[in-house]
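> Need coordinates for the below:
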Amino acid sequence: MDFIRNFPLFTIVLSLFSGVLCYMLKPKAARIYTLFYEGFLIVLIGCVLFYVIETGQPFTYVMGEFPAPWGNEIRAGILEAMIALTFLVVEISSISAGYRFLKTDMDESKLNLYFTLVNLMTAALMALVWTNDLFTGYVFLEILTLTSCGVLIVREIGRTTLAAVRYMILNLLGSGLFLLGVVLLYNITGHLLMVPMKETIAELASDPAALQVIGVAVGILTIGLSIKSGLFPFHFWMPDTYGWATPTSAALLSSLVSKAYIFLLFKTYYRAIGIQVLEKLPIHNVLLVLGVLGMVVGSMQAIHTNNLNHMVAYSSAAQIGYIYMGIGLGGMAGYTAAMFHVMAHAITKSQLFLTTPRLAEVAGGNLRFQDLQGSGLKTRVAGAYFTIGALSMIGIPIFAGFSSKLQFALAAVSQSSDKKIILVMLALAVSSMLNALYFVMTIIRIYTPDGRTGRDVMVHHHANYHLPMLVLTLANLLLGLKSDLIIDLIRRGLEMF
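Numbering: from 1, shown residues only. Below you'll find the predicted structure:
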C-alpha cells in the first residue's frame, strides 16, 4: 500500500510527459490518449483519497530524499485529493463535451498542440494541489499562466488575441507580486518549504515589528493571486477571456485555473503562514469585504450585459467573491464553505460554459439574448443542462449551489461578530436574488417560442457530449444531496492540514 505514496508525483510527471508526447501525435490520437491518460489519473487519485481516508493520516513525499530545508516536498491529504479529483473530472468532461467546437474554432492540424497545452496545464494544476513548497508553487504558477493563454488564443479571432494579451499582462503582474511576496517571506524565514516557514513565522510573530513585515509580504502575495483568480475589483478581464474562448477553454479557465490559484493561496495561508498568525493581520477582513463586493457587483454586471457568455463570466466573478468571503470569515466553518464552493462552482460553471454554444448554434450562432429566444426548445438537451446549471447557481435545493450557500450561512452564524453576521447574510440574500433574476430571465427566454419560421436548425448531440454532461450533472446532484458526506471529508482534510 505504501506504493500509493508515489501516485501524486506520478500525476505531475505523467502529465509533463504526456504534453511532450501529444505534440508528436496526430490530432485524433492526441485526443484519445489525453482522455485515457486523464482517466488513469482519476484512478490514481481515487486510490490516494481512499488511502488517506483509511489511514486517517496525510503523507509527505520527499523528492530525492533530501530533508528540509534543501528538499522539495509533495503532500497529500483528504482535501488535496478531493480537489485534484474534482479538477480532473471537470477537465476530462470539458474536453469531451467541447471537442466538436474545438474542431471548428481552430485549425484541425493544430489540435495536437492544443492537447499538449492541456496536458501541461494538468501538470501545473496537479503540482499546485500537491506541492508543499512555495517556490515550486511559483514555477507551476507560471506554467499554468502560459498554458492558459495558449488555450485561450487558439480560437484565432481578433477578440481572443486581445483577450489573451490582456490576460497575459494581468497574470504576469499577479505572478510577479506573488514572487515578490515569496521572496520577502524567504528573506524573513530562510525557508521555502511551507512547514518550516510556518514554524519560523510563529516564532517571529511575537515581535510587532516582524509581524508588520510579515503582513506586508502576505498582503503582496494575496494581491498577486487575487488578480490572477479574478477577485473584485480585479475581475474586469473575465468577460472577454471567458466570453470569447472556445467552450472547452472557457470551461477550463473559469472552473479550474482560477480555483487552482485560490487553493494555492489558501494552502499558503494555512500551511506556510499559519492561521493563528493570519488572524493577527487585517487580511481576513479585507478579503471578506472584497468578497462581498464581488458577489454583488459581479451579479449586477451580469444583469446589464446582453451576451449569454458574458453573463456567465460575470457570474463567475460573483462566485469567486463567495469563495473569498468564506476565507475572510475564517474558522473551520468559513474555510469548509469556501472549499466546498470551489468544488461546486468548478462543476457547475463548466456545465454552463459547455451548453451556451449549443444554444447559440440554433440561434444563428449568436449569443445575444434576443437571438436566443426559443433556443431551449430547439435543442432540448442543451436547454435542460443549462437549466440545471442555472438552478444550481441560484441555489435551488438538491443542487450543489444550495448546499454551498447553506454552508456560507452557517459559517456566518458561527461568527462572534454581529456585524459580520449581518453583512454576510445580507450579501447572500442580495446576491441570490440577483442570481435568480438574471438566470430565471434567461431560462424563460430560451424556453419562450420566438414565433419565427423557416430557420434551418441542425442539432447533433452525440455520446461524447451526453456522457460528460451527465457526469457533471450527477456530480452536481452528489454535492447537493450528499453534501453532509462531502462536508465531513473537507473538515477531516482541513484537520489534516
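
> burial measure for residue 334, as a count.
By the criterion of other Cβ atoms under 10 Å, residue 334 has 25 neighbours. All C-beta atoms are positioned from the backbone trio N, CA, C, and that covers glycine.

> mind checking the SS state of it?
Secondary structure, DSSP: H, G, I helix; E, B strand; the rest coil: residue 334 is helix.

> Please, which helix or strand holds the residue nearest to it when sequence neighbours are not counted?
Excluding the flanking residues, the one nearest residue 334 by Cβ to Cβ, 6 or more residues apart in numbering is residue 411, at 4.4 Å. Here residue 411 sits within helix 400-413, counting by DSSP states H and E.

> before we move on, what about residue 13?
Following DSSP H and E, one finds residue 13 within helix 7-24.

> buried residues in that helix?
The neighbour-count check on helix 7-24 (16 or more other Cβ atoms under 10 Å) flags 7-12, 14-16, 18-19, 21-22 as buried.

> right, and the helix or strand after that helix?
Read in the C-terminal direction, the helix or strand following helix 7-24 is helix 27-55, with elements assigned using DSSP H and E.

> now, which of the buried residues of helix 7-24 sits nearest residue 391?
Out of these, the one with the shortest distance to residue 391 is residue 11. That distance is 33.0 Å, counting by Cβ to Cβ.

> picking that back up, now do the helix or strand following the helix holding residue 411 against helix 400-413, angle only.
Moving toward the C-terminus from helix 400-413, the first helix or strand encountered (DSSP H and E) is helix 418-446. In terms of direction (axes from the mean of the first three to the mean of the last three Cα atoms, to 10 degrees), helix 418-446 departs from helix 400-413 by 170 degrees.

> How far off centre is helix 418-446?
In terms of Cα atoms, centre = their mean, to the nearest Å, the centre of helix 418-446 is found 21 Å from the chain centre.

> Tell me the buried residues in the helix or strand following that helix?
On the C-terminal side of helix 418-446, the nearest following helix or strand under DSSP H and E is helix 463-481. By neighbour count, and taking 16+ other Cβ under 10 Å as the criterion, the buried residues in helix 463-481 are 464-465, 468-469, 471-473, 475-477, 479-480.

> hang on, the earlier thing: can you tell me how far the residue nearest to residue 334 is from residue 230?
Summarising the geometry, the distance separating residue 411 from residue 230, computed by Cβ to Cβ, to the nearest Å, is 22 Å.

> quick one on the thing from earlier: can I get the buried residues of helix 463-481 in a markdown table with pLDDT?
Formatted as a markdown table, those follow (pLDDT from 0 to 100):
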| residue | pLDDT |
| --- | --- |
| 464 | 76 |
| 465 | 82 |
| 468 | 89 |
| 469 | 89 |
| 471 | 90 |
| 472 | 91 |
| 473 | 92 |
| 475 | 92 |
| 476 | 92 |
| 477 | 92 |
| 479 | 91 |
| 480 | 90 |
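
> Dump those residues to CSV, plus distance to residue 177.
CSV is the format used below for the buried residues of helix 463-481 (distance: Cβ to Cβ, whole Å):
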residue, distance to residue 177
464, 40
465, 40
468, 36
469, 38
471, 37
472, 34
473, 38
475, 34
476, 34
477, 39
479, 33
480, 37
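
> what's around the residue nearest to residue 135 when sequence neighbours are not counted, how many residues?
Nearest residue to residue 135, sequence neighbours excluded (Cβ to Cβ, 6+ apart): residue 192, at 4.7 Å. Look at residue 192: counted by other Cβ under 10 Å, it has 23 neighbours.

> Contacts only, for residue 192.
Taking Cβ atoms under 8 Å, 6 or more residues apart in numbering as the contact definition, residue 192 lies against 69, 133-135, 182, 186.

> residue contacts, the residue sitting nearest the centre point of the chain?
By Cα atoms, centre = their mean, the chain has its centre lying nearest to residue 259, at 2.7 Å. Residues in contact with residue 259, defined by Cβ under 8 Å, 6+ apart, are 83, 87, 229, 323, 342, 345-346.

> quick one: which of the residues you listed has the most company?
Going through these with other Cβ under 10 Å as the criterion, the one with the most neighbours is residue 323, at 31 neighbours.

> That one against residue 261, yeah?
No: when contacts are counted by Cβ atoms under 8 Å, residue 323 is not listed as touching residue 261 (10.7 Å).

> helices or strands up against the lowest-mean-pLDDT helix or strand in the chain?
Taking mean pLDDT, DSSP states H and E as the measure, the helix or strand of the chain with the lowest value is helix 238-243, at a mean of 78. Helix 238-243 is packed against helix 158-189, helix 308-329, with contacts defined by 3 or more Cβ pairs under 8 Å, 6 or more residues apart in numbering; DSSP states H and E.

> and the longest one, which residues are buried?
With burial defined by 16+ other Cβ under 10 Å, the residues of helix 158-189 counted as buried are 160, 163-164, 167-168, 170-172, 174-175, 177-179, 181-185, 188-189.

> roughly how far apart are residue 203 and residue 276?
Spatial separation of residue 203 from residue 276 under the definition Cβ to Cβ is 12 Å.

> again with residue 210
For residue 210, the distance to residue 276 under the criterion Cβ to Cβ works out to 15 Å.

> More neighbours: the two, which one.
Counted by other Cβ under 10 Å, residue 210 and residue 276 do not tie: residue 210 has more neighbours, with 14 against 11.

> what sits against that one?
When the contact criterion is Cβ under 8 Å, 6+ apart, the partners of residue 210 are 188, 204.

> The same query, at a cut-off of 6 Å, please.
Contact partners of residue 210, counting by Cβ atoms under 6 Å, 6 or more residues apart in numbering, are residue 204.

> What helix or strand is it located in?
Residue 210 is located in helix 208-229, with elements delineated by DSSP H and E.

> tell me which of the buried residues of helix 7-24 is nearest to residue 125?
For the buried residues of helix 7-24, the closest approach to residue 125 (Cβ to Cβ) belongs to residue 15, at 8.4 Å.

> Please tell me I have it right and that closest one contacts residue 123.
Yes: in this structure residue 15 lies within contact range of residue 123 using Cβ atoms under 6 Å: 3.5 Å.
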